[in-house]
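Student: What shape does this take:
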Amino acid sequence: MHLFKPKYRDRHGNYVEATTYAVRFTENGKRVVKSLGTANKANAEAKARALLRKSKEIGWEVLKPKLPGRTKATIEDIIEAYSEHAKTGGPKGRALAPRTVRANVGALRRIAADVEAATVADMMGKIDGWKKAHAANAVTTDATLRLARSIFAKKALVRYLEKGHAVENPFAGVALANPTIAPFAGFEMARIEKLIAAAKAQLRDADRDAYVIFLLTLCAGLRAQEATWAQKVHLTDSSIIVVSDPATHETKARRPRPVPLAPSIVAELRAVASPDGPYLVGAQRATLKRHEIRGEKPLRRLAEWLRGQGITDRKPVHFLRKAYGAAVATRISAFAAQKYLGHSTMAVTEAHYSALIEKPSLDLLNGGVVVGDGAKKAPGKRKPRKQRRGA
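Tutor: The predicted structure is shown next:
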């Protein structure tokens, strides 16, 4: 196998090297040359290896008609191939979550429609212009580009080639800002107590669905949709089990997690849970553009109520989950916060709450005394009592 950039004669009669790579190999004594349609050497090598492997399996004469070339691969062709690839394209060969696939496909379709591209080739060279046109909302724009770009990962491109679509990544070279997690600024316990008192007075009887969501997000750290999909059978005497069910609601981590609860919180949830149906929140589900949700109306009412209480966060309901995580991280441990919140790694938890966690130091030269803010004195030897005179 030989990778090279072929030369061609331009209209002036001069030989010019092509910008994209091609591969040359021998099949049954015949020399085969195939353009790979990419200027990226790493992508070209991956495509060439996949092409050679497939050619050995079924023969070049059988494979050749199945390679229409990158100009004939439509957006819908790639989406169909990606949907098949997603079944095994995740970490460790696992399937990608359906909502991940929907989000990535939706982003690609949106960009393709905006730049009026019916094929992948039509998108080449237009992505930077699309990004500049949407520069007013840079965070959302970069997020959309990142989702669409994942469809053209190296492993996916090899799979597309096996399906007969020799495409290159139209997002190659597009600069995206690295996503960062903004550290949580904290929420004082006095303000939490005041907020709980206001919720009991204003929501408990007037809007029970919103009040249940309030309790589950602030007192158990559940995400908004985890709270609305929580069922009564998931509530035990000492915890709530956050269940990931592909048939109803699949959590972000796609695995169940128990969250310990105080008896008072369990009793309050049981007292205010919806009397109808299996769910703690009685609101009906609603189908939106990309996915199915529950409790859209009480979530909106709770968000509006929280803004009236001085919560200025862009996502006020999610802010309650952050306040719970901060309380657990600072009063119990960051490890407990990771487990209760369902973060994928400790790095995510640290990025959110490390600024709030006190960092005392250990003085081994002074008998292991812990010094610094919030430090507890190390237990030392008790001084002998002074003997009373005449004892």
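Student: Strands along the stretch 151-300 of the chain, start to end?
Tutor: Using DSSP state E, counting those that start in this stretch, the strands of the stretch 151-300 of the chain run over residues 239-242, 257-260, 285-287, 292-294.
Student: right, so these: which one is the most enclosed?
Tutor: Compared across the strands of the stretch 151-300 of the chain, strand 239-242 shows the largest average neighbour count, a mean of 21 (mean count of other CB atoms under 10 Å). Backbone N, C-alpha and C define where each C-beta goes, glycine included.
Student: How about residues contacting that strand?
Tutor: 216, 220, 222, 226, 230, 234, 251, 256-261, 266, 269, 342 (CB atoms under 8 Å, 6 or more residues apart in numbering).
Student: Kindly recompute the last result at 6 Å.
Tutor: Contacts to strand 239-242, defined as CB atoms under 6 Å, 6 or more residues apart in numbering, come from residues 220, 226, 234, 256-261.
Student: any chance of those residues in CSV, plus distance to Val120 and pLDDT?
Tutor: Compiled in CSV, the contacts of strand 239-242 are given as follows (distance: CB to CB, whole Å; pLDDT from 0 to 100):
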residue, distance to Val120, pLDDT
Ala220, 45, 97
Glu226, 37, 94
His234, 45, 96
Pro256, 39, 92
Arg257, 40, 95
Pro258, 45, 96
Val259, 45, 97
Pro260, 50, 97
Leu261, 51, 97
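Student: now, among the residues you listed, which is nearest to Val167?
Tutor: Nearest to Val167 among those is Glu226, at 37.8 Å by CB to CB.
Student: who touches the closest one in this structure?
Tutor: Contacts of Glu226 by CB under 6 Å, 6+ apart are Val242.
Student: now with 7 Å?
Tutor: 242, 251 (CB atoms under 7 Å, 6 or more residues apart in numbering).
Student: Tell me where the model's unsure across the stretch 251-391 of the chain.
Tutor: Scanning the stretch 251-391 of the chain for pLDDT under 70 picks out 285-292, 373-391.
Student: Spell out, range by range, the helices that occur in it.
Tutor: Using DSSP state H, counting those that start in this stretch, the helices of the stretch 251-391 of the chain run over 263-272, 296-308, 316-331, 334-341, 346-353.
Student: Let's have the strands of the stretch 151-300 of the chain in a markdown table, adding distance to Asn137.
Tutor: Formatted as a markdown table, those follow (distance: least, CB to CB, whole Å):
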| stretch | distance to Asn137 |
| --- | --- |
| strand 239-242 | 32 |
| strand 257-260 | 33 |
| strand 285-287 | 25 |
| strand 292-294 | 23 |
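Student: Show me what the helix or strand hosting Val105 packs onto, helices and strands only.
Tutor: Here Val105 sits within helix 98-114, counting by DSSP states H and E. If you count contacts as 3 or more CB pairs under 7 Å, 6 or more residues apart in numbering; DSSP states H and E, helix 98-114 packs onto helix 75-85, helix 138-149.
Student: For the most centrally placed residue in the chain, give its distance to Asp122.
Tutor: The centroid of the chain falls nearest to Lys252 when counting by CA atoms, centre = their mean (7.4 Å). Lys252 sits 34 Å away from Asp122, going by CB to CB, to the nearest Å.
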